[in-house]
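S.K.: next come a sequence and a model predicted from it.
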2 protein chains.
Amino acid sequence: MAQNIYDQADFFEGYSRLGRSVEGLDGAPEWPALRAMLPEVDGARIVDLGCGFGWFCRWARAQGAREVLGLDLSEKMLARARAAGADDAITYERGDLDELSLPKACFDLAYSSLALHYVGDVARLFATLHQALVPGGSFVFSTEHPIYMAPANPGWSVDAAGKKTWPVDRYLIEGPRTTDWLTRGVVKHHRTIGTTLNRLIKAGFTIGHVEEFCPTDAQIAARPELAEELERPMFLLVQARR
Amino acid sequence: MAQNIYDQADFFEGYSRLGRSVEGLDGAPEWPALRAMLPEVDGARIVDLGCGFGWFCRWARAQGAREVLGLDLSEKMLARARAAGADDAITYERGDLDELSLPKACFDLAYSSLALHYVGDVARLFATLHQALVPGGSFVFSTEHPIYMAPANPGWSVDAAGKKTWPVDRYLIEGPRTTDWLTRGVVKHHRTIGTTLNRLIKAGFTIGHVEEFCPTDAQIAARPELAEELERPMFLLVQARR
């Protein structure tokens, strides 16, 4: 079973104050790139793995999605998602991505934003998703980039001239990483890009697009603090097809 | 036209002394991983892009390859490859990977070891290779890993306790990188993993396997200096199919 850090009071409070929690999808700089990797959402049956406050579920419905199943481990996030408005075509359910079962060939799209790095056994999850998608169905996700997650002490190093670098170590030593983010002892699972892609391929997926998130010039002009994202990638975005 | 650094006397002398130049394939720690990604070589028609001294061409012939075309920009390397022994089924030719043309559907395997990071326009090269392979044909290559290539000043940072990290910057700023390796002013072309894979996919390839080279325990036991390779990947290995 995955660690349920989002239901810890201090983590939940901190997470609730992030731009992406307050502003929704438009508060996430990687959202335009991820959205560009989606198939047609109008009429689609969608499962959202790690739906959080349900921003994507509601966006998908606004685009005409037929049914949306939002899964999350956090009761607090699900409660807030449900409180955001009733919609008969959206179902929010508690689900642990490490133990997930889904019916066969029921979805056109599996979507996941920044949840897979909490999953220990992605091989099991990818196999579950492959059989849950219809042939031709898509799996589109973002996850923390392994460059971001690998280091024993992840963080910027700043030299005397103010130049930032991101010191990498342990990149090829896969497995859990325990860090302090919003609270102490958050456990994430480090995997190389190769491992993530090979497990998708082994589960039967065809890789469609791989993107190491890079803010656009317009995004940097609007939010100058994003310029440091050019130095090292924070997010990995993948589109795969059954 | 690509930079022909290998024909510079100082570079050629230095390169000739590397383990992989003296011992051939077995002197390259990534070779077992790359070999494991190859399709059946027996009976295959093969093009080797950046064949160097011809070690792979001769290995492939020893495995029963039907025809091998070894291409390299360096006259010095081609001369040494030709001097290693005549074989009517191996042809060594001068070729610039930035300007390459190949006939249609003539090869079962395109292979390249550590040459693609010298290529500015891989989109053009991948399209050329896709049409040169038969349907079902394979493209297997190694290239310098973007973590290795990205930094403005690539190299280890060692703290007071002797702990090594590899400071990354400019990862998302793609383009030429000029470094000093064996000689001054060696130009390589930095691309993210995402860009490399997306250009393969756009050229029509299906991604089969992606590996960020990690030495095995046995390799580290035999060559303890390889342990530092666990901290950051030096090579990216890819298998794709037409």
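M.R.: Nice, I can see it. Residues are numbered from 1 along each chain as shown, chains lettered A, B, ... in the order given.

S.K.: just the CA coordinates of the helix or strand bottoming out on mean pLDDT in chain A, formatted as PDB?
M.R.: Using mean pLDDT, DSSP states H and E, helix A:19-22 stands out as the lowest-scoring helix or strand of chain A, at a mean of 84. Output in PDB follows, covering the C-alpha atoms of helix A:19-22 (Å, rounded to 0.1, in the frame of the first residue of the first chain):
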ATOM      1  CA  GLY A  19      -0.700  27.500  -7.200                       C
ATOM      2  CA  ARG A  20      -1.900  24.300  -8.800                       C
ATOM      3  CA  SER A  21      -4.300  23.700  -5.900                       C
ATOM      4  CA  VAL A  22      -5.700  27.200  -5.900                       C
END
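
S.K.: ok so residue A:86 is a helix residue?
M.R.: No: counting by DSSP: H, G, I helix; E, B strand; the rest coil, residue A:86 is not part of a helix but coil.

S.K.: returning to that earlier point: can you point out the buried residues in the least confident helix or strand of chain A?
M.R.: Using 16 or more other C-beta atoms under 10 Å in any protein chain shown as the test for burial, helix A:19-22 gives A:20, A:21. From N, CA and C alone the C-beta is placed, and that goes for glycine too.

S.K.: ok, stretch A:116-131 next?
M.R.: By neighbour count on 16+ other C-beta under 10 Å, the buried set for stretch A:116-131 is A:116, A:117, A:118, A:119, A:120, A:122, A:124, A:125, A:126, A:128, A:129, A:130.

S.K.: residue boundaries of the strands in chain A?
M.R.: A:45-49, A:67-72, A:90-94, A:107-113, A:133-144, A:157-158, A:164-168, A:175-181, A:183-190, A:206-212, A:235-241 (DSSP state E).

S.K.: residue A:137: neighbour count?
M.R.: Residue A:137: 23 surrounding residues under other C-beta atoms under 10 Å in any protein chain shown.

S.K.: so it versus chain B, what's the distance?
M.R.: Here the distance between residue A:137 and chain B works out to 17 Å (C-beta to the nearest C-beta, to the nearest Å).

S.K.: in this structure that residue contacts residue A:239, no?
M.R.: No: here residue A:137 does not reach residue A:239: they are 11.6 Å apart, not a contact under C-beta atoms under 8 Å.

S.K.: show residues contacting the least confident helix or strand of chain A.
M.R.: A:15, A:16, A:27, A:28, A:52, A:53 (C-beta atoms under 8 Å, 6 or more residues apart in numbering or on different chains).

S.K.: gap between that helix and the chain center?
M.R.: 14 Å (C-alpha atoms, centre = their mean, to the nearest Å).

S.K.: which positions in chain A make contact with chain B?
M.R.: A:147, A:151, A:157, A:163-173, A:192-194, A:197-198, A:201, A:206-212, A:214, A:229-233, A:236 (C-beta under 8 Å from any C-beta of the partner chain).

S.K.: go with 6 Å
M.R.: Within chain A, the residues that sit near chain B (C-beta under 6 Å from any C-beta of the partner chain) are A:165-169, A:171-173, A:192-194, A:197-198, A:207, A:209-212, A:214, A:230-233.

S.K.: give the ChimeraX command for selecting the buried subset of those.
M.R.: Selection of buried members from these for ChimeraX, criterion 16+ other C-beta under 10 Å:
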select /A:165,166,167,168,169,171,172,192,193,194,197,198,207,209,210,211,212,214,231,232,233
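
S.K.: residue A:39 reaches residue A:138, doesn't it?
M.R.: Yes: in this structure, residue A:39 is within contact of residue A:138 by C-beta atoms under 6 Å, at 4.6 Å.

S.K.: quick one: which of those two has more around it?
M.R.: residue A:138 (23 against 14).

S.K.: from residue A:130, how far out is that one?
M.R.: Residue A:138 sits 11 Å away from residue A:130, going by C-beta to C-beta, to the nearest Å.

S.K.: what do you get for residue A:144?
M.R.: Applying C-beta to C-beta, the value for residue A:144 to residue A:130 is 23 Å.

S.K.: and residue A:198, by the same measure?
M.R.: Residue A:198 is 14 Å from residue A:130, where distance means C-beta to C-beta.

S.K.: residue A:133 against residue A:107, yeah?
M.R.: Yes: here residue A:133 reaches residue A:107: they are 5.4 Å apart, a contact under C-beta under 6 Å.

S.K.: which residues do these two both contact?
M.R.: Residues touching both residue A:133 and residue A:107 (C-beta atoms under 6 Å, 6 or more residues apart in numbering or on different chains): none.

S.K.: hang on, the earlier thing: just the buried ones from the contacts of helix A:19-22?
M.R.: A:15, A:28, A:52, A:53.

S.K.: quick one: contacts for the second one?
M.R.: For residue A:28, the contacting residues are residue A:20, by C-beta under 6 Å, 6+ apart.

S.K.: contacts only, for residue A:37.
M.R.: Neighbour list for residue A:37: A:140, A:209, A:239 [criterion: C-beta under 6 Å, 6+ apart].

S.K.: export the residues you listed to JSON lines and tack on pLDDT and distance to residue A:181?
M.R.: Below are the contacts of residue A:37 laid out as JSON lines (pLDDT from 0 to 100; distance: C-beta to C-beta, whole Å):
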{"residue": "A:140", "pLDDT": "98", "distance to residue A:181": "24"}
{"residue": "A:209", "pLDDT": "98", "distance to residue A:181": "28"}
{"residue": "A:239", "pLDDT": "98", "distance to residue A:181": "27"}
